[in-house]
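> Have a look at this fold, sequence not included:
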């Protein structure tokens, strides 16, 4: 395979421009953080497209995205690329990917530079190139903000610079501050908060280079107290993704001030400041999205590790017994689940446990793992079923974790005697002589009341009988219209002799495209010779 020639791909996203180098094939593009070029937009698929080098040419290939790929405004699934081809993904109004090195790299800043005198062209160009270089070299939000302050303070010659970002509650919080020596500033009590509020409420920047003249009638207390002569506030705005939105949401605020009165900003200077701030806002938003995506990726990895650990802890080896057979299957609705089952064979009996922890996810899984170990140890210690339930209940109640569990305990002996205890769980089904009945026994779930009393029931089995224990995730599985699978369908399947795997397949067919809302567990216990 011939080597892939290094080729530039210029990304123009709003006021932001950056270059990527296509150095290998395929070059992947999408929203997923493991793509070669990450575009964190909601209309971009995780694996949206790729650029491949085949037959001495580059080709854009749509990877089955939902919203499509466009080359020079024409939707394509595979397209040979030529220099300066314009690629858009997902929408014709989104970011532009210009393939190959473009000769004309005009931008908002390019248009601004044409408006200044020739003598100052190089100076303005130097400011922007320096800002773009610094902003695009860094990836973390904090470093982007530092570069923003350094560049804008050098441009305006002010004495102090601050950047505020909104917190989760929508309040502006100081993120970075610097003085004229570029030393950190952590106190914002002496700035003009009224100027910031004016910039927020007026939906525009606040730029005053002679505060005494501008506020001769009613100067704010902070401006008077600090003798501020220059105050500049420029909102950092989020790109609006909704049509018709008049003003983009504010991500933060760039604040600059000085006690020295400087020459009135030229329009080009203020436009340059605004554009640099716009570029920084885009990078902050992208970095925040990338950081959130990375955090989500790490969380998924941790969940995957936790799921592996949980699966290892809860792996049940089915015993081979002459008098009984057990089959089981459990599927969590999330990466890790709150259902569990256990099968324990002692010298005198077979014990089966099915439990459903309140809630879902990690907290339910932690309690499930703990409870399984607790019950398992008590079975091996020879405790009775009521004792196991009582001690498990007292243990959970003593921890004050605001969680509880429903469970069924089953004890089967070789002579066909079955003792069972139900702690608030859905009632198991008994399949006997072509009839379905339920094992009725009522006790409180474990973890609700520390003084709860538990009792069990005993019945006698005939060879060929079987029990089906399950969690409510099976009967409460919903189809797209919201209808439950229900106990009637489950009982019908059991009556027809359906296997555990067959019942799960029926539930999946019933749900169709609807997502699972709860963990699903099924356990079958068959006494004697079973078909």
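Yes, it's here. Predicted model, so just to flag it, every value in this text is computed and none were measured. Numbering: from 1, shown residues only.

> all contacts plus neighbour counts: C-alpha atoms, from now on.
Fine.

> Under a three-state scheme, what state does residue 341 occupy?
Secondary structure state of residue 341, per DSSP: H, G, I helix; E, B strand; the rest coil, is strand.

> residues in contact with the closest residue to it other than its chain neighbours?
Among residues not flanking residue 341 along the chain, residue 354 sits closest, at 4.3 Å (Cα to Cα, 6 or more residues apart in numbering). Neighbouring residues of residue 354 by Cα atoms under 8 Å, 6 or more residues apart in numbering: 339-342, 407-409, 469-471, 523.

> ok, 7 Å please
340-342, 407-409 (Cα atoms under 7 Å, 6 or more residues apart in numbering).

> Residue 98: what secondary structure?
Secondary structure assignment for residue 98 (three-state DSSP): strand.

> which residues does it bridge with?
Beta-bridge partners recorded for residue 98 (DSSP bridges): residue 10, residue 86.

> got the domain boundaries for the protein?
8-101, 122-291, 316-527 (the TED database).

> Format the ones you listed as CSV; extra columns: distance to residue 308 and mean pLDDT.
Shown next, in CSV, are the domains of the chain (distance: least, Cα to Cα, whole Å; pLDDT from 0 to 100):
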stretch, distance to residue 308, mean pLDDT
domain 8-101, 23, 86
domain 122-291, 26, 73
domain 316-527, 9, 91
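
> Would you format those as TSV with distance to residue 304 included?
Converted to TSV, these look like this (distance: least, Cα to Cα, whole Å):
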stretch	distance to residue 304
domain 8-101	17
domain 122-291	20
domain 316-527	7
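
> Nearest to residue 297, out of these?
Closest approach to residue 297 among those (Cα to Cα): domain 8-101, 8.1 Å.

> From the chain's centroid, how far away is that closest one?
24 Å (Cα atoms, centre = their mean, to the nearest Å).

> Ok, stretch 513-520 next?
Mean-position distance between stretch 513-520 and its chain equals 19 Å (Cα atoms, centre = their mean).

> For residue 299, find the nearest of the domains of the chain.
domain 316-527 (10.8 Å).

> secondary structure class for the residue of the chain positioned farthest from its centre?
No residue in the chain sits farther from the centre than residue 415, which is 53.1 Å out by Cα atoms, centre = their mean. The local conformation at residue 415, judged by three-state DSSP, is coil.

> if I look at it, how far off is residue 461?
Applying Cα to Cα, to the nearest Å, the value for residue 415 to residue 461 is 8 Å.

> same thing with residue 488?
24 Å.

> more neighbours, the two?
The neighbour comparison of residue 488 against residue 461 (other Cα atoms under 10 Å) goes to residue 461, with 19 against 10.

> List the single closest residue to the more buried one in space, sequence neighbours excluded.
Using Cα to Cα, 6+ apart and skipping the chain neighbours, the partner closest in space to residue 461 is residue 416 (4.9 Å).

> ditto for residue 80
Spatially, and ignoring its direct neighbours in sequence, residue 80 is nearest to residue 59 (4.3 Å; Cα to Cα, 6+ apart).

> Can you name the residues bridging to that neighbour?
residue 52, residue 80.

> And the residue nearest to residue 341, which helix or strand is it part of?
If you go by DSSP states H and E, residue 354 is part of strand 350-357.

> so where do the helices sit in the protein?
Secondary structure of the chain (DSSP state H): helices at 108-113, 118-137, 141-156, 193-201, 211-214, 221-226, 267-313, 361-380, 385-399, 472-475, 486-495, 500-511.

> Tabulate those helices (a markdown table), appending distance to residue 67.
Shown next, in a markdown table, are the helices of the chain (distance: least, Cα to Cα, whole Å):
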| stretch | distance to residue 67 |
| --- | --- |
| helix 108-113 | 28 |
| helix 118-137 | 28 |
| helix 141-156 | 30 |
| helix 193-201 | 35 |
| helix 211-214 | 51 |
| helix 221-226 | 51 |
| helix 267-313 | 20 |
| helix 361-380 | 32 |
| helix 385-399 | 50 |
| helix 472-475 | 34 |
| helix 486-495 | 38 |
| helix 500-511 | 27 |
